[in-house]
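Peer 1: turn this into a model:
(chains A, B and C)
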Amino acid sequence: MTSVADVSEVNLVDETRVSPVVRRSKVDRAYRAVATLSGSIVFVVMALIGGFLLYRGIDALRISGWGFITESQWAPDMGGAFGIAAVLPYTISIALVALFLAVPISVATALFITEYAPRRLRRFLTATIDLLAAVPSLIYGLWGLFYLQPRLITLSKWLADNLGFIPFFEVNEDFGTSLGVFPSSTFVAGVIVSLMVIPICTSVMREVFGQAPPGEREGAMALGGTRWGVVRDVVLPFGRGGIIGGSMLGLGRALGETIAVTLIISPSFDAKWSIVEQGSNSIAALIALKFSESTETGISALMAAGLALFVITLIVNTAASSVVNRSRSGSATEI
Amino acid sequence: MALTLRRRRNVTEAVADEKIRIRSVESIDVTVMIGSAIASFALSQLLYETFLPLSGALGYVVVWYVLFLAVSWIAVRELRGNVRAKDHLARVVVWSGASMAIVPLILIVLYVVGKGYHALRPQFFAEDQRYVGALSDATEGGGAHAIIGTIQQVGIASLIAVPLGITTAVYLNEVKGRLAKPLRTVVDAMSAVPSIVAGLFIYAAWILALGNQQTGLAGSLALSVLFLPTVTRTAEVVLRLVPGGLREASLALGGTEWRTTSRVVLPTSRSGLVTAVILGVARVIGETAPLILTVGGAFIMNWNPLSGKQDSLPFFVFRLIRFPQESQIARAWTGALVLMILVLVLFVVARAIGGRGPDHIGRFKKWRLQRKGLA
Amino acid sequence: MHELVPGATLGGEILINGVDIYRGAIPVTDVRRRIGMVFQKPNPFPAMTVAENVVSGLKLSGMKVTKSERDDLIESCLSKAGLWNEVKNRLGDPGRALSGGQQQRLCIARSLAVSPQVLLMDEPCSALDPTSTRRIEQTISEISESVTIVIVTHNMQQAQRVSDRCAFFLAAENEPGRIIEEGPTKDIFTNPRDSRTEDYVNGRFG
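Peer 2: All right, here's what the predicted structure looks like:
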């Protein structure tokens, strides 16, 4: 059945390097081709997204010119001026408020999961964080609008009353500081968005913290370090890339968040410093709200706004993933 | 032999007698915590009532929390010194930070259930909004048209995105071609495309440029733009967990690359892949923004995703919640409840499947083995 | 298999029945089927049962067999690997359910199923306990009747026990590893030509 092969010829002197020739079968070549093709579809789709938004938005950009960046009003359909000078700062400030709250909580949660929690709780918490990420943003928005907002505005009022000297918390005195001026603000929207960002940041940070070298960890413990000592000297320095990258991924998500922001804010086209006062906006919410009532130029203008959002999130996220990937070790699983 | 056995037993007994229990929480810590809680409660009572102009329960809790941190820190420092006090402070902060992330989830679930269950009846799954006016009762009509729409749209999106995503992941992790590195970056970038932009893209490309109408299919195309990178990324992570030794073993047996992937790598990661897909579905099912632009929305049942406007559950909720009438808002909450239940169920199923190892032999596999005479 | 490791280079030639396998004359899958391989750590396919693992090579390389041929093959390969009596009632269990030594013998049976001419064993016992090692060595001597076995080992007693011919392979710092000396096992151990071989077999280093 099997013949004993002749391998007794062992050449002891031949030192030439050999680059092996790999001959693949037809099936394998087809398999590689199909996989490559489906991979290329991703490139094509991304190019198409940018291309089509530009193609549809270019008319509006021609009309507005540089005004698209400097103009804060949005009236393309009436032949009026339009631009993202108000919408963009609002978008960014909502995202920043969200990050300001989400990053510390995410760091704490990720540390809790990797360092503090008992094993069983750890699995439960990981699942809960994943579940938080799966809850639709619509539900966050609804809950924020009906449950959180009425409770949150007391905090807004407190901030305005006590820290009103800071421009962020300043409220126009004409209205007085009745609770009525606080809903639908950047602050409220930012808090809701932060809830959506937390699971994203946490899962990235948890993953990176979990990869902190066990040797160093045990080393720090063996030197008599407290748990906080281990966290401060080993885990946090190791996980810095994860914290930065996770936060930026969260930023990308926060910038593009649509529905929750649309539900919370009352659209404002005058940029202002105050984050607690009524009236805010975001590019995504602008598109969602204006879409159904827009005619040709209006749609084109929205496409241009969408392109701006697309480019911004693209930059933020590419930067973020490069930071995260650099901090991740490429260890493969051994059997 | 007997002697050694007996001695060994003695040893185990001795160990059992004075079994060492390692505790991370010492009783003194608990005492300090309780003491600090009481002390800070008393202090905050005093401060809150007299000095601070804080309002509402929220302000009160904040004051209490800050005081608690301060009091317990001082207590631990007096008892254990500075290093331990810092450790303690970090522990308390981390614990409370983590609970800040969990509490909203519980509140959200409870709130949606509380708001939505009134109008949740069997008809909600059977009727559409055909005979419902703005002033009808919340218990009239239902969201069947929206549920069917969502199922069809997500189903079509999965049919497009899942095979494509898994093949792309195979390219990234098995074929490892020249494009793998840039492709990974682009997939990351694509997963960051804001959902509204995906809708805008399909509107520009599919509806405006190709002259199609707003249909369920347009919605599923927008959803698959969002679904594809999610599936690819999670599937790639799952494939990466398959030990390289298995691939080598398969190749060493003379297996072709295609058979190695299809017979060894994919079956080994099967449960992980299923979990990835279900979690992806759970995420996509709640997407609202792209559907506003693409499906059009409807109040009556449309079974055909290829023509005519369709509704979807999230869009249904989004529209109705903005009505002024109480009954419409109540319907929206019911829709939200159904949506949340769908997500929860998908999530639990995904976790259950994800917990299985690759050597799990399910009912189907058993049947297949028996048919082939291998069991 | 070597070319799968990034950064690895190789030199020399490997002839099977006079044909160099790295010159691309034979499709790579055929080469790999003709050379069976057993790895350092047992790696049965986790998604397959014991029986499926044995015949997995047929499936992977696209060979078709009838049902009865397949059943015969399962029994004969498992018997050759000395595993049949232990697992004949557990053929439907997942491959991972066996013990480490059994898993390794399952891997040997799996390699034998595609009827290789050469069986390459990369430290097959280094992850196993002494009892399992003895069992595997028995298997090796039984199957060496029909298959050429190339075994890599760090264990010199094992090399002495199981081999007929022996080659000493040494990698120095900043230098590619190469074969220092080759010959009948007896000669290598009792009468080595190279001083480094002598040092090694006498335990002065390594």
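
Peer 1: list the contacts for the residue in chain C that chain B sits nearest to?
Peer 2: As assessed by Cβ to the nearest Cβ, chain B sits closest to residue C:33 within chain C, at 2.6 Å. All C-beta atoms are positioned from the backbone trio N, CA, C, and that covers glycine. When the contact criterion is Cβ atoms under 8 Å, 6 or more residues apart in numbering or on different chains, the partners of residue C:33 are B:253-254, C:57, C:61, C:114, C:116.

Peer 1: skipping adjacent residues, who's closest to residue C:64 in space?
Peer 2: Ranked by Cβ to Cβ, 6 or more residues apart in numbering or on different chains and with sequence neighbours excluded, the top spatial neighbour of residue C:64 is residue C:58, at 7.7 Å.

Peer 1: isn't that neighbour up against residue C:70?
Peer 2: Yes. Using Cβ atoms under 8 Å, residue C:58 is in contact with residue C:70, at 7.4 Å.

Peer 1: against chain A, how distant is residue C:131?
Peer 2: With the distance defined as Cβ to the nearest Cβ, to the nearest Å, residue C:131 ends up 22 Å from chain A.

Peer 1: isn't that residue right up against residue C:102?
Peer 2: No. Judged on Cβ under 8 Å, residue C:131 makes no contact with residue C:102 at a distance of 11.4 Å.

Peer 1: spatially nearest residue to the residue of chain C closest to chain B, not counting backbone neighbours?
Peer 2: Leaving aside its sequence neighbours, residue C:33 sits nearest to residue B:254 (Cβ to Cβ, 6+ apart; 2.6 Å).

Peer 1: and that neighbour, how far from chain A?
Peer 2: Residue B:254 is 11 Å from chain A, where distance means Cβ to the nearest Cβ.

Peer 1: residue C:50 too?
Peer 2: Residue C:50 is 18 Å from chain A, where distance means Cβ to the nearest Cβ.

Peer 1: same deal with residue C:109?
Peer 2: Distance from residue C:109 to chain A, counting by Cβ to the nearest Cβ: 14 Å.

Peer 1: wait, isn't that residue in contact with residue C:56?
Peer 2: No. Residue C:109 is beyond contact range of residue C:56, at 10.4 Å (criterion: Cβ under 8 Å).

Peer 1: who's more crowded, those two?
Peer 2: Taking other Cβ atoms under 10 Å in any protein chain shown, residue C:109 and residue C:56 do not tie; residue C:109 has more neighbours (29 against 25).

Peer 1: let's see the host helix or strand of the more buried one as CSV, backbone CA atoms only.
Peer 2: Using DSSP states H and E, residue C:109 sits within helix C:100-112. This file holds the C-alpha atoms of helix C:100-112, laid out as CSV (Å, rounded to 0.1, in the frame of the first residue of the first chain):
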residue,chain,number,x,y,z
GLY,C,100,-3.4,14.4,25.6
GLY,C,101,-1.7,11.2,24.6
GLN,C,102,-4.8,9.9,22.9
GLN,C,103,-5.2,13.1,21.0
GLN,C,104,-1.6,12.8,19.8
ARG,C,105,-2.2,9.3,18.6
LEU,C,106,-5.4,10.4,17.0
CYS,C,107,-3.3,13.0,15.1
ILE,C,108,-1.0,10.1,14.0
ALA,C,109,-4.0,8.1,12.8
ARG,C,110,-5.3,11.2,11.0
SER,C,111,-1.9,11.5,9.2
LEU,C,112,-1.9,7.8,8.3
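
Peer 1: residue B:350 contacts residue B:273, doesn't it?
Peer 2: No. The criterion here is Cβ under 8 Å, and residue B:350 misses it with residue B:273 at 11.0 Å.

Peer 1: please name the nearest non-neighbouring residue to residue C:124.
Peer 2: Distances taken as Cβ to Cβ, 6+ apart place residue C:38 nearest to residue C:124, at 4.9 Å, with adjacent residues excluded.

Peer 1: please, which helix or strand holds the residue of chain C closest to chain B?
Peer 2: Assessed by DSSP H and E, residue C:33 sits inside helix C:28-34.

Peer 1: what about that helix, average pLDDT?
Peer 2: Across helix C:28-34, pLDDT averages out at 80.

Peer 1: what residues sit buried inside that helix?
Peer 2: By neighbour count with 16 or more other Cβ atoms under 10 Å in any protein chain shown, helix C:28-34 contains the buried residues C:28-29, C:31-34.

Peer 1: equivalent analysis for stretch B:230-248, please.
Peer 2: Quick answer for stretch B:230-248 (16+ other Cβ under 10 Å): B:230-236, B:238-240, B:242-243, B:245-248.

Peer 1: from those, list the ones also adjacent to chain A.
Peer 2: Near chain A, judged by Cβ under 8 Å from any Cβ of the partner chain, the entries from the buried residues of stretch B:230-248 are B:232, B:240, B:242-243, B:245-246.

Peer 1: for the chain, which segments count as strands?
Peer 2: Let's take chain A. With strands called from DSSP state E, chain A shows them at A:17-18.

Peer 1: try chain C instead
Peer 2: Ranges of strands within chain C are C:10-11, C:15-16, C:19-20, C:35-38, C:118-122, C:148-152, C:165-170, C:178-184, based on DSSP E.

Peer 1: report the mean per-residue pLDDT for the last one.
Peer 2: Computed over strand C:178-184, the mean pLDDT rounds to 80.
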